[in-house]
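[1] Okay, sequence plus prediction incoming.
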Amino acid sequence: MSLIEWNDEFSVGISAVDHEHRELIGLINELYANLSGGAPEITIVDFLGELYARISAHFALEEKIMRDRKYDQYEDHKADHERLLDEIRDIMDDYDDNESFSEEILGERLKSWFSDHFKTKDARFYKHLV
Amino acid sequence: MLKWFQRVGRRGFLHMEAGFNAVFGPRLNPLYHLGALTFLFFWVVIASGIYLYIFFETSIEGAYDSVEYLTYEQWYLGGIMRSLHRYASDAMVLTMMLHLLREFTLDRYRGFRWFSWITGVPLIWLVFASGINGYWLVWDKLAQYVAVTTAEWIDWLPLFNEPMARNFLNEAAISSRFFSLLQFLHIGIPLFLLLLSWVHIKRISRPRVNPPRGLMVGTLASLVVLSLLAPAVSQGRANLDQVASVIQLDWFYLAVYPLFDIWSYGGVWILLGGITLLLALMPWLPRRHPEPVAVVDLDNCNGCGRCFADCPFGAVVMQPRTDSQPFAQEALVAADLCASCGICVGACPTASPFRRTSDLVPGVDLPQLTIREIREKTLAAAAKLSGDDRVIVYGCDFGADLGRLEERGVAVLALPCIAALPPSFLDFVITRKHVDGVFLTGCREGDCYYRLGIEWTQERIGGKRDPYLRKRVPRERIDMFWAGPDRSNQLAQKLDEFRGKLRELGPYTKPRSSHPEGDSRWNDKGVRNVTDRME
Amino acid sequence: MTYGGVYNAKWLRYIAQAALYGLFIAVLGYFSVSPAYVHLPPDQALIKLSFSHPGQPKGGCRERTDEELARLPPNMRIRVVCPRERSPVFIELEMDGRLLYRDTLIPSGLSRDGTSTVYRRFPVAAGRHHLRARLRDDVQVEGFNYVREADITLKPAQVFVVDFNAKSGGFIFK
C-alpha cells in the first residue's frame, strides 16, 4: 500500500506541475516501500537525496511559473519553499544520525509535509491561476 | 610569442590594478571598469554636445564666433560644456585604448569572444573620426590644420574625382555647404558609433554601461574641476590664406598627424590599415583551442530557467520542449556563445551532491568537469584530511594557484569559475562532516574572469539569488577571500585564520530541527558518515 | 587599531584617490593641447598648385556625310562628331629657375573625358621668388599654350595659390 495515493483533486491544471507532483509522490512511495521493506540505509539515504534534489527542481519550476504570472503571494510562497527544503534536510540529517529511525514517523513526516504545503500554499496559487 | 606579450602585459596591469585596489578598493577600481568608463565619457560627450549644438552657428563666419561666445561670455555653463566635451572625448580615447589592451592581456578576444573584439575595431575608427570631425567645426587654426591635413590625407585614396582639399585651398575656396556637411557628419558618425557600441555589448548579459556610483561621481567631478582649471579655448580664427604653422595638438586624437609630414600620407594609410587588419585578424592568430561547452540533459531539466538567468554570456536560452515530457520549456546551450565557465551548472537545482550516484546527471553539466567528478574529487581530497580544522578550498582557474595551499594540509579543488559550484556542495561537505569548514576563493572582487561569478556566489550564499544556500548551513563554517592571481600570501594567511576559528568552533552539530516532533527522535548514537559508502 | 589609526587610514585613502584623479586630469589637460607641433617652420611659406581643368578634345573631329545623317534618328543628327577622349594636361611649375613640379595629368573618367585635376603643396622659404607656370592642354599643340611668370614676395606662413581657369585667361596667382 503506498503512502500517498494520487488523487485527481491534486491536479492543479498545469500538466508540468501535475507531472512533477506525480513523480514526487511516486518517489516518496518508493522510498517508503524501501524503508518498510528493510532496505540498506545507503539506499534510503540515496532516495532521500534524490527526493531532495527533485523537490528543489520542482520548486524552482513552480517559482518560475509564479514569477511569469506575477503572482502576488510569490514572496510568501517562496519563503515556504525554502522552509520546506530546510525541513527535508532536517529529515535527511535525522535519518543519517539515527539508526532506529521509525519509518512510520518518516512516512508521516513526508506525507504531512507534502499535504500541508499542497493544501495551503499550492492550492491558493493554482486557484489564483484559474 | 603571443603568450609572452600577454604575460608581460598582464603583469603590468596587475601591478597597476594592485595600486588602484589599495586606493579605490576593488569595487571602484577604474581598471575593472574601462569599458563602462568609456561609455560614461560618451554620455558626457553626447550631453555636452547637445548643449553646444544649440548655440553653435552653422555658417563659416559664425562658427568661430559662436564658440568664442560660449567659451568667454558663457564661461560658467557653455564654457564648461565645451571643456567637458573636449576632455571627455580625450578621456574616451584613453579608456578605450586601455580597455582593448587589457582585454588582449586577459586573452578575452579569441574563441567565443571574437564577436566582441571584431565589433570593437570599427569603434576605434569611429571614435577617432568623430573627434577629428568635431575639431573641424570650431574653425580656429587647429580646425584649419585638421581640415586641410585630413582632406589631403583622404585624397590619397582614389575616392573622389576632385581632391577634397580643394575646398580648403584658400579663403575664397571654402563653401558654407561643405561646412554644413561636416556638421551633419558630426551628428551622423557619433550616432553610428552609438549604434555599433550597442552591437559591441550584445553577446554579454547585463552589460555594464555605467561605472559604479562612487567611481562615476569621482570621475565626473574631476572632469568638471579640469574644465574650470583649464578651460578649452580656440587657437585664433582660421584663415586659409595663412598656414597654421604652430598647432597646439590634441595628442589623443591627432597623434598620427605629425607622421604626415615626417613620412607621407600613403605611409600613414599603410600603417593604420596594417594595424586595423592585424586587430581584425587577432582572434584567429592563433585560433583558440575550443573547449567543450555545457551540455543539457533533458531527463533532468524541467525548464526552471535558473541557468538561463545566471549565464553571463547569454549562451543559455529557454526554448519550447523537444522531448515528450510535459514541461513547457527546456534549456538550450548555444555552442558558439558558451564560455565553458560552468556558472549554469552552479545554478542548476539537480546539480546536487546529495543525489544517488547512479542518477547524478544534472540538467546542465560541463563534460570536462562533471558534477559527479566534482563530488568524487571533493570526497577523495577531504578523506585525506585529519584534525579538527579540516578545510576544503574551492577556487577558480584564474585566481590564486591552489597547489601551494595543499602543502598546508587543506583539500583544494579548482573549477573554471567559483560560481560553477552549486551551493548544495557547501551544505553537503559541512553537514556530512567531510570537512569542518569551506573556504572559497577566486578572482579579485569586481574582476571575475567570467564577469558575474563572485557576485552570484555571494548572493547565493547570502540568500538573495537562487539557488539559495540552505539557511541551516552554519555560515561561520564558510569563509571567502577573493584573492585574485597575485595575493597568494594573503590567501594563505586568511586560510590560517579561518582554520583557527574552526578549531575554536569545535565539530559541526546539527541545528535543532524545525519540525516539532523532530527533537524527540534524536539519538546521539554517534556520528556516521553514510556518504563514504556511496557508489 | 586605534581610533586615530583608522581615521588616518581612511583620510589617507581619500587623499590618494584625489591624487590619482589629479594625475588623470593632469594627463588629460596636458596632452589635450601640448606639446605644440610645428607643422611649418616659421621662416617658410606654402605654395599650393591646384586646379581643375578639362583638356581639349584629342581632336580628329570630322563631319558626318549626308548618308550617315540620314541613317540616324532625327534627334541625333549632329554634323560634327569628335572622339570623347580629352588631352592630358601637361603642367610645369618652376621657381627661381628650379623645377618644382612637372606632371602629366590624366583626365578622369573611364573614357578619359573628364577634368584633369592637381593638388600639390610646396613648402618654400619665405621672401622674394620668381615663379613660372606653364601648361599644355592640347596634344595637337607644340610647347605650352598657357604660360605665366611673375615675381612674388612670400610672407612667412603665407598660402600662395597657383590656380588655372581657361575662361579667365589662364594661370591665376593669388
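    Alright, I've got the coordinates.
[2] Return the distance of the residue nearest the centre of chain A relative to A:Ser15.
    Central residue of chain A (C-alpha atoms, centre = their mean): A:Phe114, 4.8 Å from the mean position. A:Phe114 sits 19 Å away from A:Ser15, going by C-beta to C-beta, to the nearest Å. Every residue, glycine included, has its C-beta placed from N, CA and C.
[3] same thing with B:Asp359?
    Using C-beta to C-beta, B:Asp359 is found at 23 Å from A:Ser15.
[4] Kindly report the same for B:Ala151.
    For B:Ala151, the distance to A:Ser15 under the criterion C-beta to C-beta works out to 70 Å.
[5] With B:Glu459 instead?
    Separation of B:Glu459 from A:Ser15 (C-beta to C-beta) stands at 32 Å.
[6] follow-up on the earlier one: B:Ala151 and A:Ser15: who's more crowded?
    Just comparing B:Ala151 and A:Ser15: by other C-beta atoms under 10 Å in any protein chain shown the higher neighbour count belongs to B:Ala151, 19 against 13.
[7] Surely B:Val243 touches C:Lys48?
    No - using C-beta atoms under 8 Å, B:Val243 makes no contact with C:Lys48, being 9.8 Å away.
[8] Least confident secondary structure element in chain A?
    Taking mean pLDDT, DSSP states H and E as the measure, helix A:123-129 is the helix or strand of chain A with the lowest mean score, a mean of 71.
[9] now chain B
    Ranked by mean pLDDT, DSSP H and E, the helix or strand of chain B with the weakest confidence is helix B:403-406, at a mean of 90.
[10] got the CA positions of the helix or strand that that helix is followed by in CSV?
    The first helix or strand that comes after helix B:403-406 along the chain, using DSSP states H and E, is strand B:411-415. Output of strand B:411-415 as CSV, limited to C-alpha atoms (Å, rounded to 0.1, in the frame of the first residue of the first chain):
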residue,chain,number,x,y,z
ALA,B,411,41.9,19.9,0.3
VAL,B,412,41.8,22.0,-2.8
LEU,B,413,39.7,21.9,-5.9
ALA,B,414,39.8,24.3,-8.8
LEU,B,415,36.8,25.0,-11.0
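[11] And strand B:411-415, what does it pack against?
    Here strand B:411-415 touches helix B:371-383, strand B:391-396, helix B:403-406, going by 3 or more C-beta pairs under 8 Å, 6 or more residues apart in numbering or on different chains; DSSP states H and E.
[12] Once you drop chain neighbours, what's closest to the residue nearest to the centre of chain A?
    Computed as C-beta to C-beta, 6 or more residues apart in numbering or on different chains, the closest residue to A:Phe114 that is not its neighbour in sequence is A:Ile4, at 6.3 Å.
[13] Run through the residues that contact that neighbour.
    A:Ile25, A:Ile28, A:Asn29, A:Lys111, A:Phe114, A:Ser115 (C-beta atoms under 8 Å, 6 or more residues apart in numbering or on different chains).
[14] which of those residues lies closest to chain C?
    Nearest to chain C among those, counting by C-beta to the nearest C-beta, is A:Phe114 at 53.9 Å.
[15] about what we covered before: for the residue nearest to the centre of chain A, what is the enclosing helix or strand?
    helix A:103-117.
[16] Any buried residues in that helix, and which?
    Residues of helix A:103-117 classed as buried under the neighbour-count rule (16 or more other C-beta atoms under 10 Å in any protein chain shown) are A:Glu103, A:Ile105, A:Leu106, A:Gly107, A:Arg109, A:Leu110, A:Trp113, A:Phe114, A:His117.
[17] Using TSV, please lay out those together with pLDDT and distance to B:Phe160.
    Shown next, in TSV, are these (pLDDT from 0 to 100; distance: C-beta to C-beta, whole Å):
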residue	pLDDT	distance to B:Phe160
A:Glu103	70	91
A:Ile105	75	91
A:Leu106	75	87
A:Gly107	76	88
A:Arg109	77	85
A:Leu110	76	82
A:Trp113	74	80
A:Phe114	75	79
A:His117	74	76
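[18] low-confidence ranges in chain A?
    A:1, A:99-102, A:121, A:123, A:128-130 (pLDDT under 70).
[19] where's the residue of the stretch 1-150 of chain B found nearest chain C, which helix or strand?
    Relative to chain C, the nearest point of the stretch 1-150 of chain B is B:Val23 (4.3 Å; C-beta to the nearest C-beta). Following DSSP H and E, one finds B:Val23 within helix B:2-24.
[20] Check which helices and strands that helix sits against.
    Using 3+ C-beta pairs under 8 Å, 6+ apart as the contact criterion, the neighbours of helix B:2-24 among helices and strands are helix B:80-105, helix C:3-31.
[21] so where's the stretch 351-500 of chain B uncertain?
    Scanning the stretch 351-500 of chain B for pLDDT under 70 picks out no residues.
[22] Please enumerate the strands of it.
    Using DSSP state E, counting those that start in this stretch, the strands assigned to the stretch 351-500 of chain B run over residues B:364-365, B:391-396, B:411-415, B:437-441, B:478-481.
[23] Could you do chain A as well?
    Ranges of strands within chain A: none, based on DSSP state E.
[24] How are the helices of it distributed by residue range?
    Here chain A has its helices, by DSSP state H, at A:15-36, A:41-68, A:74-97, A:103-117, A:123-129.
[25] CA atoms only: put the first one into PDB for me.
    Output in PDB follows, covering the C-alpha atoms of helix A:15-36 (Å, rounded to 0.1, in the frame of the first residue of the first chain):
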ATOM      1  CA  SER A  15       0.500  19.500 -16.800                       C
ATOM      2  CA  ALA A  16       4.100  20.100 -15.900                       C
ATOM      3  CA  VAL A  17       3.300  20.600 -12.200                       C
ATOM      4  CA  ASP A  18       1.000  17.600 -12.100                       C
ATOM      5  CA  HIS A  19       3.700  15.500 -13.800                       C
ATOM      6  CA  GLU A  20       6.300  16.500 -11.200                       C
ATOM      7  CA  HIS A  21       3.800  16.100  -8.300                       C
ATOM      8  CA  ARG A  22       3.100  12.600  -9.500                       C
ATOM      9  CA  GLU A  23       6.800  11.800  -9.900                       C
ATOM     10  CA  LEU A  24       7.500  13.100  -6.400                       C
ATOM     11  CA  ILE A  25       4.700  11.100  -4.900                       C
ATOM     12  CA  GLY A  26       6.000   8.100  -6.700                       C
ATOM     13  CA  LEU A  27       9.400   8.700  -5.300                       C
ATOM     14  CA  ILE A  28       8.100   9.100  -1.800                       C
ATOM     15  CA  ASN A  29       6.100   5.900  -2.100                       C
ATOM     16  CA  GLU A  30       9.100   4.000  -3.400                       C
ATOM     17  CA  LEU A  31      11.200   5.400  -0.500                       C
ATOM     18  CA  TYR A  32       8.500   4.400   2.000                       C
ATOM     19  CA  ALA A  33       8.300   0.900   0.500                       C
ATOM     20  CA  ASN A  34      12.000   0.500   0.700                       C
ATOM     21  CA  LEU A  35      12.100   1.700   4.200                       C
ATOM     22  CA  SER A  36       9.300  -0.700   5.300                       C
END
